[in-house]
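Participant: Kindly return the folded structure for what I paste below:
(one chain, ligands or ions: 1)
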Amino acid sequence: MTDRPAGFRPALAHHVLTPLYDRVVVLTTREQAFKPALVAQASIQHGHDVSDAGCGTGTLALLAATACPQARVTGVDADPAILSLARRKAASVAAPIRFDEGLSTDLPYGDGSFDRVVSSVFFRHLAHADKLKTARQMHRVLRVGVQLHFADRERSRRPISRTAFFAVQLLDGFETTRDAVAGHLPSVLAQAGFAQVAETRQFVAIFHILSLYSAIKVAP
Ligand SMILES: C[S@@+](CC[C@H](N)C(=O)[O-])C[C@H]1O[C@@H](n2cnc3c(N)ncnc32)[C@H](O)[C@@H]1O
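Facilitator: Below you'll find the predicted structure:
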């Protein structure tokens with residue numbers, strides 16, 4: 001039996017686990033290292049419009065808003081329950097972040113609305129066709145000449161981590177993690193129209209490697 005509504009997969013696969021999400025992430029990933037590194041890489045400037053796609057509980061959006069209080073940060077996620085947690089978390093530190101409900105495959109923003117799209121451990125939630133649709137939407141909502149920065153899990157080349165990644169795949173699904181295992185994420189971004197797609201940094205965690213990527217939207 002699944003408790004997954006059509007269109008998206010909850011952060012920990014089942015809605016009942018969503019309140020535990022932040023604690024699980026702290027314990028199983030190197031969140032406190034890779035998310036600040038991703039925000040630093042994004043080099044968010046005063047006056048930037050920033051979108052955190054698949055924002056979950058809003059940790060990355062909060063880091064972005066803290067790094068540059070003069071930026072306008074918006075989180076978007078398909079799950080209203082996790083957005084409630086995100087809103088509460090941002091309100092508790094008076095961070096002026098807007099959180100919108102929406103599917104990444106049909107982002108609720110006009111063309112060229114953002115100076116940065118950031119995203120973390122989100123692509124692994126999407127089947128291949130939805131990864132491509134999402135990358136195209138990210139490309140559409142970015143202004144020309146600006147950047148996408150995201151982090152996602154990959155399978156480590158070390159045998160012990162490869163075995164451990166199997167546990168991640170059991171939770172996240174084999175279809176959604178296939179592109180990361182095969183190293184296909186950069187080509188998905190290139191297919192969506194992004195240029196200068198690069199893996200910029202890796203963080204080794206227990207179950208996986210966490211890679212940071214950057215890409216740029218260039219004029220057609
Ligand atoms: C693993 S969580 C990552 C949350 C957050 N980015 C982080 O770094 O902790 C993935 C999030 O993607 C959201 N999600 C899954 N599919 C989605 C879709 N198609 N559109 C928008 N959000 C989606 C889920 O609701 C969940 O909050």
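
Participant: Tell me the residues of the chain that contact the ligand?
Facilitator: Residues of the chain lying close to the ligand (C-beta under 6 Å from any ligand atom) are 8-11, 25, 54-56, 59-60, 77-79, 82, 103-105, 120-122, 125. Bear in mind the C-beta positions are built from the backbone N, C-alpha and C, glycine included.

Participant: quick one: contacts for the residue in the chain that the ligand sits nearest to?
Facilitator: As assessed by C-beta to the nearest ligand atom, the ligand sits closest to Gly56 within the chain, at 2.4 Å. For Gly56, the contacting residues are 11, 21, 77, 79, 82, 86, 122, by C-beta atoms under 8 Å, 6 or more residues apart in numbering.

Participant: likewise His139?
Facilitator: His139 neighbours (C-beta under 8 Å, 6+ apart): 148, 192-194, 217.

Participant: Throw those into a markdown table and include secondary structure, pLDDT and distance to Phe203, thanks.
Facilitator: Output for those, formatted as a markdown table (DSSP: H, G, I helix; E, B strand; the rest coil; pLDDT from 0 to 100; distance: C-beta to C-beta, whole Å):
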| residue | secondary structure | pLDDT | distance to Phe203 |
| --- | --- | --- | --- |
| Leu148 | strand | 97 | 19 |
| Ala192 | coil | 97 | 24 |
| Gly193 | coil | 97 | 28 |
| Phe194 | coil | 97 | 22 |
| Lys217 | coil | 97 | 26 |
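
Participant: Low-confidence stretches in the protein?
Facilitator: Across the chain, the ranges flagged by pLDDT under 70 are 1-6, 155-183.

Participant: 90 instead?
Facilitator: 1-16, 24-30, 124-125, 152-185, 204-210, 219-220 (pLDDT under 90).

Participant: in the chain, which spans are strands?
Facilitator: Ranges of strands within the chain are 49-53, 72-77, 98-101, 114-120, 142-154, 195-204, 209-216, based on DSSP state E.

Participant: Export those strands as TSV, with columns for mean neighbour count.
Facilitator: Shown next, in TSV, are the strands of the chain (neighbours: other C-beta atoms under 10 Å):
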stretch	mean neighbour count
strand 49-53	26
strand 72-77	24
strand 98-101	15
strand 114-120	25
strand 142-154	21
strand 195-204	14
strand 209-216	21
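
Participant: circling back to that earlier point, look up how far Leu83 lies from the residue of the chain closest to the ligand.
Facilitator: Separation of Gly56 from Leu83 (C-beta to C-beta, to the nearest Å): 9 Å.

Participant: tell me, what's touching these two both at once?
Facilitator: What both Gly56 and Leu83 touch, as defined by C-beta under 8 Å, 6+ apart, is the set Asp77.

Participant: Including distance to Gly110, could the contacts of His139 go into a markdown table?
Facilitator: Converted to a markdown table, those look like this (distance: C-beta to C-beta, whole Å):
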| residue | distance to Gly110 |
| --- | --- |
| Leu148 | 17 |
| Ala192 | 18 |
| Gly193 | 17 |
| Phe194 | 19 |
| Lys217 | 15 |
